[in-house]
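S.K.: Okay, structure incoming, though there's no sequence with it:
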C-alpha cells in the first residue's frame, strides 16, 4: 500500500490527521493540491525543480497553499516537505494518503487513466460499475493521459482493465501483421 519514502510521509500525515481529528480537512486539502498539480505546469515545476532553494520553495508552496485554502496541518506538512527538499514526492504522498484513507473506510482504490478529464457524473458511474464488479466500495484516483487517445485504463490491485483506444489500435496492428 503506502511504501517507500512517500509512504512514510503519507503515513505520518495520516496519523497526525487522525490524532487531530482533521482527516476530512486534510483529505479535502490534498484533493485541491492534486487538482492544482494537474492543471498548473508552474506548480509542477516548483515542486520538481532542484534549482529552487528550500526557502524559496517553502515560501512559494505556502503561498499556493494559502490560495487553495489548505488546512493548517497540511500547510505545516508542506512546509516540512519543502524544508527537507521533498516537494517532488507530493504527488506520490497524495496517492499514498488516499490509499491509506480508502483502506480505513473499507474501500479499494482504483487507479484510472483517462484520455481527458472525467466529469463528476462519469466518475460516479464508473465507481458504481466497479463496485458492482468488485463487490466493495471503490475510491477513484483519476489521472489524465492524452497519449491513450480515448477510453480508460483501470487498475484495481493486481487487476487491470485496458479499454484504451491506443491499445485497441496496437492490437489491431498486431492482428494485421499476422
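M.R.: Right, received. Where do you want to start? Please read these numbers as outputs of a predicted model, since none were measured by experiment.

S.K.: So which residues make contact with stretch 72-86?
M.R.: Around stretch 72-86, the neighbours that count as contacts under C-beta atoms under 8 Å, 6 or more residues apart in numbering are 5, 9, 13, 16-17, 20, 22, 25-26, 29-30, 33, 54, 57-58, 61-62, 65-66, 70, 87, 89-90, 93. Quick note: C-beta positions are derived from backbone N, CA and C, even for glycine.

S.K.: That one: which residues count as buried?
M.R.: Of the residues in stretch 72-86, 73, 74, 75, 77, 78, 79, 81, 82, 86 count as buried by neighbour count, 16 or more other C-beta atoms under 10 Å.

S.K.: In helices only, show me the contacts of stretch 72-86.
M.R.: Among the contacts of stretch 72-86, the subset assigned to helices under DSSP state H consists of 5, 9, 13, 16-17, 25-26, 29-30, 33, 54, 57-58, 61-62, 65-66, 90, 93.

S.K.: Could you turn the buried ones of the contacts of stretch 72-86 into a PyMOL selection?
M.R.: Only the buried members of the contacts of stretch 72-86 end up in this PyMOL selection, burial being decided by 16+ other C-beta under 10 Å:
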select buried, resi 9+13+16+17+22+25+26+29+30+33+57+58+61+62+65+70+87+89+90+93
